[in-house]
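*Asks:* This is a predicted model, with the sequence first.
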Amino acid sequence: MRRCSEAIELFLEMMTAPALDIIRQHVEDNFESFEDDELPDAVFSFLAEFDRYRLCVEPVIRFLQGKDSSLALRITSRRFLPEGPAFDAIEQMRATC
């Protein structure tokens, strides 16, 4: 049980705006020699949407912890959270229907 709580603590430390700043810096450092069109889709999306990730990460954690249920409708609207390349399939399915 201790390992689980340690993993949760680490996750919660990483899911803060200041921690995301550090993560972004590491990503930028690791991919600095790449042109935008050479970046993996997930990396490009993360960097392009970074400001949105930074703004919503802490409210989403509060929601997931049951501390702010008011976010439910905004989250389900699909306009509150940035959506990475994995969501492209949804748009492709909608386009064919």
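*Replies:* Nice, I can see it.
*Asks:* Now do the helices in this structure.
*Replies:* 2-14, 17-30, 41-48, 50-64, 72-76, 88-96 (DSSP state H).
*Asks:* got the angle between the longest one and helix 17-30?
*Replies:* An angle of 140 degrees separates the directions of helix 50-64 and helix 17-30 when computed by axes from the mean of the first three to the mean of the last three CA atoms, to 10 degrees.
*Asks:* could I get the helices of the chain as a markdown table with mean pLDDT, distance to Pro82 and mean neighbour count?
*Replies:* Yep, even glycine has a C-beta here, placed from its N, CA and C like the rest. Below are the helices of the chain laid out as a markdown table (pLDDT from 0 to 100; distance: least, CB to CB, whole Å; neighbours: other CB atoms under 10 Å):
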| stretch | mean pLDDT | distance to Pro82 | mean neighbour count |
| --- | --- | --- | --- |
| helix 2-14 | 90 | 17 | 10 |
| helix 17-30 | 98 | 12 | 12 |
| helix 41-48 | 95 | 7 | 16 |
| helix 50-64 | 97 | 4 | 16 |
| helix 72-76 | 94 | 12 | 12 |
| helix 88-96 | 78 | 13 | 9 |
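*Asks:* Return the residues in contact with the residue positioned nearest the centre of the chain.
*Replies:* Nearest residue to the geometric centre of the chain (CA atoms, centre = their mean): Tyr53, 5.1 Å. Taking CB atoms under 8 Å, 6 or more residues apart in numbering, we find Tyr53 in contact with Leu20, Phe46, Pro82.
*Asks:* okay, those residues in a markdown table with distance to Val57 next?
*Replies:* Converted to a markdown table, the contacts of Tyr53 look like this (distance: CB to CB, whole Å):
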| residue | distance to Val57 |
| --- | --- |
| Leu20 | 6 |
| Phe46 | 12 |
| Pro82 | 10 |
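*Asks:* That'll do, ta.
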